[in-house]
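Novice: build me a model from this:
(chains A and B)
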Number of protein chains: 2
Amino acid sequence: MTFNDTFLKACRGEATNYTPIWIMRQAGRYLPQYQKVRSGRSFLELCKSPELCVEVTLQPIDILNMDAAILFSDILIPMEAMGLELEFHEGKGPIFPQTVRDQAAVDKLIVPDPLETMGFVMETITLLRKELKVPLIGFAGAPFTCATYLIEGGSSKVFWETKKMMFTAPELFHSLMDKISRCTSKYLLAQAEAGAQALQLFDSWAGVLAPVDFESYAFPYVKRIINDLKPTGLPIIYFANNGSTLLEYSADSGADVIGLDWRINIGDAVKRVGNKAVQGNIDPFALLLPEDKLRGRIKKLLEDAKDAKGHIFNLGHGIHQFTPPEQAKIAVEAVHELSGR
Amino acid sequence: MTFNDTFLKACRGEATNYTPIWIMRQAGRYLPQYQKVRSGRSFLELCKSPELCVEVTLQPIDILNMDAAILFSDILIPMEAMGLELEFHEGKGPIFPQTVRDQAAVDKLIVPDPLETMGFVMETITLLRKELKVPLIGFAGAPFTCATYLIEGGSSKVFWETKKMMFTAPELFHSLMDKISRCTSKYLLAQAEAGAQALQLFDSWAGVLAPVDFESYAFPYVKRIINDLKPTGLPIIYFANNGSTLLEYSADSGADVIGLDWRINIGDAVKRVGNKAVQGNIDPFALLLPEDKLRGRIKKLLEDAKDAKGHIFNLGHGIHQFTPPEQAKIAVEAVHELSGR
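Specialist: Okay, here's the model as predicted:
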């Protein structure tokens, strides 16, 4: 079996024989094969076991025939490496028991050597490259998203503490963003060095910012990181979740591929991002549609995206844990078939 | 003191001497005066006590000099009147212990007579009209938003059950939406009859829908209700929260005023909604900015909105409970002063 580089070509806006597909969280809880590996160990334990990370990363490639693999890890791994305790409580999401809300806490954070502190990630990448016949995506959280977890102490609904810091202590906020950004650049450069073939920045919470605040508080750091990554020559994907009003910034970020959540018609997004490839964007829950309707929706989406410089099919957000894997399989087959594979 | 009809003029796109302001949840927990009334009684008890509802509705008018009052109530009151048990648990939001997930549950719902089942709301309106020197806004939840609470059994983060019903049992979903819509039209017509001078439909969760699904599953009901309300002659405000990609639908809904959340530049929104008044849209948490910056942001927002057919200043979402009332006061004064009052 030869190496399938369709995903990389689409990222670069080169012609492809069909539309490649991968789905966010494709290595995850919706797969019984993943559940089996995960069972009896903590999420962080899994993240730090290269052999097991390799196993779960490969699962959706083998089972669902995806056109790209994404490193199994978590966006908060480098935040732990910055010197913070990180806990995952079942069903509750991540917790940082010590929040970062003052200058002393920011000053205490280190900008870690990725190999020393997160060697298990680079080892996973090296191992995966030996196995994979599709490209491997490395990733990190974008700084604003990471900062929210540190400031809030975990997940949040309204981001009161984060915005309070932005609006009442902007210098403190910027000093935190600067430090996270330096950590993120080093981390992604190390992933590239280890063998990642594309890099995605996940800005899961960018969409809670007004455009004017995104521009001041988040965007400069996204641009800086992408600029730091340019020498790798790898395609860079920037995904600002719920970022329909931030698309012009995304297009100006230096990224090669703009990730799109499901809230926007992909044709409208293509017009706004101009000469960039796009990745997305079916509602993850639309995978529940009966087969004929799911195929119809995929067909329409492929048509709507036809003017994109490149299109990588994906969900508009991570696949939900209760999605039947058979439905994901129908989607992958439909994308391949309807786009001419 | 004469009646201040600036808000109503702005809704109708008529010239005003200054930009009127009210803020979502202006009668609420951020005000110590509200906390005092609320203390020792449940939220639902408060909602059902006309004299107390009058008192808390008037508070922000007196304390903060708002240009419109909004009935103190909750969007789920008519859902309870449809025959469902409704509970509010402190810090947890609303709970419907019996969810609505099958045809039998939908069939059991009644389309209530608003005066018989929610007379306390109409009584509140009648009493308020005797006191108020600014217009009184009546309101209801939009059907999709109300449906999510019934289907999920309360608040949700991802709306799995709602979308599962949409995608796997569309007829069931539509039958529920139809029933809620009929209830909502009757309820708002009764509010108009009792004396409400404008009517707002809150679609708090519309923004979780892809445009294609909003168009099929939510929008027809919004349009139908607005159409039902047209004979009242009252200005109608439609607020689809997180609805930046739904603005063209909002503009086509029949509403006179389009509510905007904070995620979009108001100037961009004005271009897209065309010949409609707009309401919004500063980030509620931007009220935390120091006075000079808050005033600067308000000045910019007023300028950005200058081409709107009418502009009612508001937050892009409800005021957060920990906002210092003094900051809200600064905002109201800045809007009035900077717009020429």
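Novice: would you mark the buried spots in stretch A:266-274?
Specialist: A:266, A:269-270, A:273 (16 or more other CB atoms under 10 Å in any protein chain shown). Glycine gets a C-beta too; all of them are placed from N, C-alpha and C.
Novice: how many other residues sit next to A:Pro324?
Specialist: 11 (other CB atoms under 10 Å in any protein chain shown).
Novice: which phi and psi does A:Gly280 have?
Specialist: Dihedral pair for A:Gly280: phi 150, psi -160, per degrees, to the nearest 10.
Novice: can you check A:Ile282 too?
Specialist: Dihedral angles for A:Ile282 - degrees, to the nearest 10 - are phi -70, psi 140.
Novice: isn't it up against A:Arg295?
Specialist: No - taking CB atoms under 8 Å as the definition, A:Ile282 is not a contact partner of A:Arg295, at 11.5 Å.
Novice: out of the two, which sits in the busier spot?
Specialist: Remark: of A:Ile282 and A:Arg295, A:Ile282 carries more neighbours, 26 against 18, as counted by other CB under 10 Å.
Novice: ok, what's across the strand from that one?
Specialist: A:Leu315 (DSSP bridges).
Novice: wasn't A:Gly340 part of a helix?
Specialist: No - applying DSSP: H, G, I helix; E, B strand; the rest coil, one finds A:Gly340 to be coil, outside a helix.
Novice: quick one, phi/psi of the closest residue to it other than its chain neighbours?
Specialist: Spatial nearest neighbour of A:Gly340, chain neighbours left out: A:Tyr18 (4.8 Å); criterion: CB to CB, 6 or more residues apart in numbering or on different chains. For A:Tyr18, the backbone dihedrals (degrees, to the nearest 10) come out as phi -160, psi 170.
Novice: for A:Tyr18, give me its contacts.
Specialist: Going by CB atoms under 8 Å, 6 or more residues apart in numbering or on different chains, A:Tyr18 touches A:6, A:335-336, A:339-341.
Novice: among the residues you listed, who's most crowded?
Specialist: A:Val335 leads these on contacts (other CB under 10 Å) with 25 neighbours.
Novice: over to that one. Which of the three states is it?
Specialist: Classification of A:Val335 by three-state DSSP places it in helix.
Novice: gap between it and chain B?
Specialist: 17 Å (CB to the nearest CB, to the nearest Å).
Novice: residue contacts, that residue?
Specialist: Counted by CB under 8 Å, 6+ apart, A:Val335 has contacts A:18-19, A:21, A:298, A:302, A:313.
Novice: run the last query once more with 10 Å
Specialist: A:18-21, A:67, A:282, A:295, A:298-299, A:301-302, A:311-314, A:341 (CB atoms under 10 Å, 6 or more residues apart in numbering or on different chains).
Novice: for B:Gly318, state which of those is nearest.
Specialist: B:Gly318 lies nearest to A:Ile282 out of the contacts of A:Val335, by CB to CB, at 31.0 Å.
Novice: ok, A:Pro20 - contacts?
Specialist: Contacts of A:Pro20 (CB under 10 Å, 6+ apart): A:4-11, A:66-68, A:134-135, A:279, A:310-314, A:335-336, A:339, A:341.
Novice: backbone dihedrals for it, please?
Specialist: As for A:Pro20, its main-chain torsions (degrees, to the nearest 10) stand at phi -70, psi 160.
Novice: for it, which non-adjacent residue is closest in space?
Specialist: A:Asp67 (3.6 Å).
Novice: count of neighbours near that neighbour?
Specialist: The burial count for A:Asp67: 25, using other CB under 10 Å.
Novice: any idea which helix or strand carries it?
Specialist: Per DSSP states H and E: A:Asp67 is located in neither a helix nor a strand.
Novice: just the pLDDT for the closest residue to A:His336 other than its chain neighbours.
Specialist: For A:His336, ignoring the flanking residues on the chain, the nearest one in space by CB to CB, 6+ apart is A:Tyr18 at 5.9 Å. You'll see A:Tyr18 listed with a pLDDT of 98.
Novice: next one: A:Gly91
Specialist: 79.
Novice: can you check A:Met1 too?
Specialist: 70.
Novice: okay, now it: neighbour count?
Specialist: Counted with other CB under 10 Å, A:Met1 comes out at 5.
Novice: list the contacts for it?
Specialist: Contacts of A:Met1 (CB under 10 Å, 6+ apart): A:133-134.
Novice: next SSE after the host helix or strand of A:Thr184?
Specialist: Using DSSP H and E, A:Thr184 falls within helix A:170-194. Proceeding N to C from helix A:170-194, the next assigned helix or strand is strand A:198-203, under DSSP H and E.
Novice: hang on, A:Thr168 packs against B:Leu294?
Specialist: No - the pair A:Thr168 and B:Leu294 does not pass the contact test of CB atoms under 10 Å, sitting 11.1 Å apart.
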